[in-house]
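[1] I'd like to go over a predicted model; first the sequence, then the structure.
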Amino acid sequence: MKRFITILCVLVLIPLYCFAASSPTLHKTVSMKPKLTYFFADKTVGWTDVLQRLEEYRETDGYIMLDAFSVFLDKKYKKVTWSLSIPLTERDAPFVLLIDDENIIKREVKVTDNGKLIIDFSDLSLGFYYICFYIKGA
C-alpha cells in the first residue's frame, strides 16, 4: 500500500513540476542588448537605501516604477536596447532614473516600434548603478 501511495504522489507531482519548469519568469521577460550584468533591485542589499532616497525625489510624481535593476557598466555603452516586462509606447512617457552612491540622474529614453527602450550610457562612469524604469501613472 505504501508503494502505491508513493507512486501516486510521484505521478501527481510530475505535471506540476513540468509546468513550473516551463513557466515564464521575470528573468525570461527582461533582456538587453548588449548583455549587461544585472540583478533585480529588490534582491540587492542597497535597495532599501535607494528607496529612501527616491522618496525625496519629486520628479517621479504622477509616474509609477515599472522595473528596477542594479547594473554593472564595464564600459561606456552608447546604445543599450532594453526589453522589459511589458512592451511600451510613447504614450507611456517612459524615462529612467540612474542612481549611484551620490547622484540621481533622470534620463529620457527612446521607444522603438516594438516596445523596447534605448538608453545611452556613454557619459556615465564605470561601475554599479541602479536603473529604475518609470511610466506615466494611470
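    Done, it's in.

[2] just the pLDDT for Asp61.
    pLDDT recorded at Asp61 is 85.

[3] count of residues packed around it?
    7 (other Cβ atoms under 10 Å). The C-beta positions use only the backbone N, C-alpha and C, and glycine is treated the same way.

[4] repeat for Asn103
    The burial count for Asn103: 10, using other Cβ under 10 Å.

[5] what about it, distance to Lys79?
    Distance check for Asn103 against Lys79: by Cβ to Cβ, to the nearest Å, it reads 22 Å.

[6] can you tell me the element the residue nearest to Thr60 when sequence neighbours are not counted falls in?
    In space, and not counting its chain neighbours, Thr60 is closest to Tyr134: 5.9 Å by Cβ to Cβ, 6 or more residues apart in numbering. If you go by DSSP states H and E, Tyr134 is part of strand 127-136.

[7] and that strand, average pLDDT?
    Strand 127-136 comes out at a mean pLDDT of 95.

[8] try stretch 35-51
    92.

[9] mind listing what's buried in that stretch?
    36, 38, 41, 44, 47, 50 (16 or more other Cβ atoms under 10 Å).

[10] roughly how far does the residue nearest to the fourth one when sequence neighbours are not counted sit from Lys116?
    Leaving aside its chain neighbours, Thr44 sits nearest to Ser70 (4.9 Å; criterion: Cβ to Cβ, 6+ apart). As defined by Cβ to Cβ, Ser70 lies at a distance of 20 Å from Lys116.

[11] cool, thanks, talk later.
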